[in-house]
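In: Please work out how this folds:
(2 chains)
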Amino acid sequence: MKRSRIIELLARKMAGEATPYELEELNMLIDSYPDSVYYEEVLKQIWLNNEQDEADLPDVDRIYQCHRLRFYDELTTPVPEESVPFFRQYKNLSIAVLALCLIFFAGLFYIHSNEQDNFNTQLIAGKGVRKKVKLPDGTLVWLNSDSKLAYHSDINNKKVRIVHLTGEAFFDVAHHESQPFIVRTNKIAIKVLGTAFNVKAYPVDQKSVATLLRGSIELSVNERPQQKIILNPSEKFVLQDGQQGVMKMDSQDITLMIEHIMPIHIGGNEYIEEVSWKNNTLVFHNESFVDLKPRLERWFNIKIHLGSSRAKSYRFTGVFKNENIKEALTAMQLIKPFTFNLSAHDVTIY
Amino acid sequence: MPKPATDLSYLICDIALYDSENAYEKLFKSLFPALYRFCYYLLKSRELAEEVANDVMITLWKNRKKLPEVQNIKVYAFVIARNLCLNFLNKHSKRELIFLEDIDVQIVLDSLNPEQILINDELKKKLEQATEALPNKCKLVFKLIKEDGLSYKETAAILNISTKTVDAHLVTAVKKLTAVLKVEFNLM
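Out: Residues are numbered from 1 along each chain as shown, chains lettered A, B, ... in the order given. Next comes the predicted model:
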């Protein structure tokens, strides 16, 4: 009877399904029947051998390649890019004129070499939409809602890979030793070799923020190109305008800050607020309604009107994943008292 | 072989939201070996097993928009594999209907290191013979739990039986093994 019980408990232990009580019981039984240690030893040896099929099993990399070829049509999804061919406008002109133009442009390219940004491709993520794309050089880009990324389709053959960003994007840059990758926004420029970082530069926001996860990046503010700022992993750079919407800045009007990014803990999970959006999660930590407003507007593709000044100063901490705007606001009502009025694309908060 | 802890739910999120082929490739590589092995038990043919495991994966891709709703992707994939295998067997058998318990499963206690003192070739053979006589479902349970490290709950869902039955099958299999050991080592 005891022996049978020992085996039963051993089986559960091997399967990882024994409860703490059962483990306790097993230990006691083994203490009183020391021979049964052998069972455990041998069973363990049988159990541990998970490698047996390793030799049998054909190489997974090769299988995946075959799989890819076989299901090529299913696997290739149309890349969401709106390509604007550079020469479309000359379509109806004679070849001679086209040739002249080509020579002219070639000359232009040559003179400006890598200085002038020539973009012929633009990726757009509309309001309430987030996209992930792979650039021709292998760089992965996550585009946040209401953002645009422009680049040249021939980026791979450029001395310097330059892209222009409006809005927010996360870059996982493919490492090419001799071709630096540069992200330009209207206010800052970031130069890297290969690394992962987030850039937030919405025209309507007062702040431009670059957050580095790994590697290092070299950053400069367009207004002061000579000054270079080096960021280390887990640091973020914040550029704050003196006045909203004023593009021409005096040195005194702008504030540069380097902060440390800290994972925040909400409901037992850890989030990095700056990049959580790319996993389709909206995280905010002790943020006022006013600061939260543009983020919510982009996230849910709605327009928010803050009707009461009291509500403006409410501060919220939270995580949204699959909620729609109504569910989100209802959840926020649990934190602070307010009422809201929701129509198709507008919300008024009282 | 300890597999790197790939967070499958993270991959699935990338696949469903961004149609990420990159994430799909990772999912493929982490699920394929176990699926292939499972199909091989049922179909006894490497080519067929590879074929079905491939089909399971592309089915996941085609249904990618719905994947985030799936509770356990591993179980989901195994259930698809089980159904495809049974469909195939039924289509090609002369008999009326084939059920899981009709399928003969072989247990192979393979590749033990020669320096392992406790189990020699002869003992291994005896252990294999002993388990050979077990009911087929019992062998399947043993294989899924031992080789693929699945839980009782997952195994139950895949084989469409209760967790109690899974426990009973596993205990039976282990008892058979230890019965051989008992004779071999003159225990109790």
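In: how about stretch A:35-51 as CSV, C-alpha atoms only?
Out: Extracted C-alpha coordinates of stretch A:35-51, given in CSV (Å, rounded to 0.1, in the frame of the first residue of the first chain):
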residue,chain,number,x,y,z
ASP,A,35,15.2,1.9,-0.7
SER,A,36,12.6,3.9,-2.6
VAL,A,37,15.3,6.6,-3.2
TYR,A,38,16.4,4.4,-6.1
TYR,A,39,13.1,4.7,-7.8
GLU,A,40,13.3,8.4,-7.7
GLU,A,41,16.9,8.4,-9.0
VAL,A,42,16.1,6.1,-12.0
LEU,A,43,12.9,7.8,-12.8
LYS,A,44,14.7,11.1,-12.8
GLN,A,45,17.1,9.8,-15.3
ILE,A,46,14.4,8.6,-17.6
TRP,A,47,12.5,11.8,-17.1
LEU,A,48,15.4,14.2,-17.9
ASN,A,49,16.0,12.8,-21.3
ASN,A,50,14.2,15.2,-23.5
GLU,A,51,17.0,15.3,-26.0
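In: That stretch: how far from the chain's middle?
Out: Distance of stretch A:35-51 from its chain centroid, counting by Cα atoms, centre = their mean, to the nearest Å, is 45 Å.
In: so what's the residue minimising distance to the centre of chain A up against?
Out: For chain A, A:K278 is the residue whose C-alpha lies nearest the centre (Cα atoms, centre = their mean; 3.4 Å). Counting by Cβ atoms under 8 Å, 6 or more residues apart in numbering or on different chains, A:K278 touches A:R130, A:K132, A:W142, A:N144, A:F170, A:N198. C-beta here means a position set from N, CA and C on the backbone, and glycine is covered the same way.
In: Give me the buried subset of the residues you listed.
Out: Burial by neighbour count, judged by 16 or more other Cβ atoms under 10 Å in any protein chain shown, picks out A:R130, A:K132, A:W142, A:N144, A:F170, A:N198 from the contacts of A:K278.
In: so what does the helix or strand where B:S30 lies touch, helix or strand wise?
Out: In this assignment (DSSP states H and E), B:S30 forms part of helix B:21-43. Counting contacts by 3 or more Cβ pairs under 8 Å, 6 or more residues apart in numbering or on different chains; DSSP states H and E, helix B:21-43 packs against helix A:60-70, helix B:8-18, helix B:46-62, helix B:73-91, helix B:136-148.
In: gap between it and the chain center?
Out: Using Cα atoms, centre = their mean, the offset of helix B:21-43 from its chain centre is 11 Å.
In: between that helix and helix B:136-148, how big is the angle?
Out: Put simply, helix B:21-43 runs at 150 degrees to helix B:136-148, going by axes from the mean of the first three to the mean of the last three Cα atoms, to 10 degrees.
In: Would you mind listing the buried residues in helix B:21-43?
Out: Going by neighbour count (16+ other Cβ under 10 Å), the buried part of helix B:21-43 is B:21, B:23-28, B:30-43.
In: Please parse chain B into its domains.
Out: Domain assignment for chain B by the TED database gives B:1-103, B:110-187.
In: I'd like to know which of those domains is closest to A:Y38.
Out: domain B:110-187 (5.5 Å; Cβ to Cβ).
In: pLDDT (mean, whole number) over the closest one?
Out: For domain B:110-187, the mean pLDDT works out to 80.
In: for it, the distance to its chain's centre please.
Out: Worked out by Cα atoms, centre = their mean, domain B:110-187 lies 13 Å from the chain centre.
In: try stretch A:31-47
Out: For stretch A:31-47, the distance to the chain centre is 50 Å (Cα atoms, centre = their mean).
In: Which positions in it come out as buried?
Out: A:S36, A:Y38, A:Y39, A:E40, A:V42, A:L43, A:Q45, A:I46, A:W47.
In: does the last one really touch B:K146, like I thought?
Out: Same thing as A:W47. Yes. Using Cβ atoms under 8 Å, A:W47 is in contact with B:K146, at 5.9 Å.
In: intersection of neighbour lists for those two?
Out: Residues touching both A:W47 and B:K146 (Cβ under 8 Å, 6+ apart) are A:M14.
In: returning to that earlier point: let's have the buried residues of stretch A:31-47 in a markdown table, adding distance to chain B, pLDDT and secondary structure.
Out: Formatted as a markdown table, those follow (distance: Cβ to the nearest Cβ, whole Å; pLDDT from 0 to 100; DSSP: H, G, I helix; E, B strand; the rest coil):
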| residue | distance to chain B | pLDDT | secondary structure |
| --- | --- | --- | --- |
| A:S36 | 7 | 80 | helix |
| A:Y38 | 6 | 77 | helix |
| A:Y39 | 5 | 79 | helix |
| A:E40 | 10 | 82 | helix |
| A:V42 | 5 | 76 | helix |
| A:L43 | 7 | 79 | helix |
| A:Q45 | 6 | 74 | helix |
| A:I46 | 6 | 75 | helix |
| A:W47 | 6 | 76 | helix |
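In: and of the residues you listed, the nearest to A:V347?
Out: After measuring the buried residues of stretch A:31-47 against A:V347 - Cβ to Cβ - the closest member comes out as A:W47, at 57.5 Å.
In: Now do that closest one against A:F197, distance only.
Out: To A:F197, A:W47 is 45 Å away according to Cβ to Cβ, to the nearest Å.
In: Tell me, how many residues neighbour A:K159?
Out: Per other Cβ atoms under 10 Å in any protein chain shown, the neighbour tally for A:K159 reads 10.
In: Report the secondary structure element holding A:E327.
Out: Counting by DSSP H and E, A:E327 is part of helix A:325-335.
In: Can you name the residues in contact with that helix?
Out: Contacts of helix A:325-335 (Cβ under 8 Å, 6+ apart): A:296, A:300, A:302, A:314, A:316, A:318, A:320, A:323, A:338-340, A:342, A:347, A:349.
In: circling back to that earlier point, looking at the helices and strands packed on helix B:21-43, which is nearest to A:T121?
Out: Nearest of those (Cβ to Cβ): helix B:8-18, 18.5 Å.
In: where does chain A dip in pLDDT?
Out: Scanning chain A for pLDDT under 70 picks out the ranges A:1, A:48-58, A:77-118, A:242-254.
In: Distance check, whichever residue of the stretch 151-300 of chain A sits closest to chain B against B:D148.
Out: As assessed by Cβ to the nearest Cβ, chain B sits closest to A:N280 within the stretch 151-300 of chain A, at 5.7 Å. According to Cβ to Cβ, A:N280 and B:D148 sit 30 Å apart.
In: now A:K158
Out: From A:K158 to B:D148 the distance is 48 Å (Cβ to Cβ).
In: Neighbour count for those two, which is higher?
Out: Neighbours per residue, other Cβ under 10 Å: of A:K158 and B:D148, the larger number sits with B:D148, 18 against 15.
In: Packing partners of whichever strand or helix holds A:E74?
Out: Per DSSP H and E, A:E74 falls inside helix A:72-75. Other helices and strands packing on helix A:72-75, by 3+ Cβ pairs under 8 Å, 6+ apart, are helix B:46-62.
In: Give me the angle between the helix it packs on and helix B:21-43.
Out: 140 degrees.
In: Would you mark the buried spots in helix B:46-62?
Out: B:48-58, B:60-61.
In: check the residues you listed against chain A, which are close?
Out: B:E50, B:N54, B:M57, B:I58, B:W61 (Cβ under 8 Å from any Cβ of the partner chain).
In: can I get those residues in JSON lines with pLDDT?
Out: What follows is those, written out as JSON lines (pLDDT from 0 to 100):
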{"residue": "B:E50", "pLDDT": "90"}
{"residue": "B:N54", "pLDDT": "93"}
{"residue": "B:M57", "pLDDT": "94"}
{"residue": "B:I58", "pLDDT": "93"}
{"residue": "B:W61", "pLDDT": "92"}
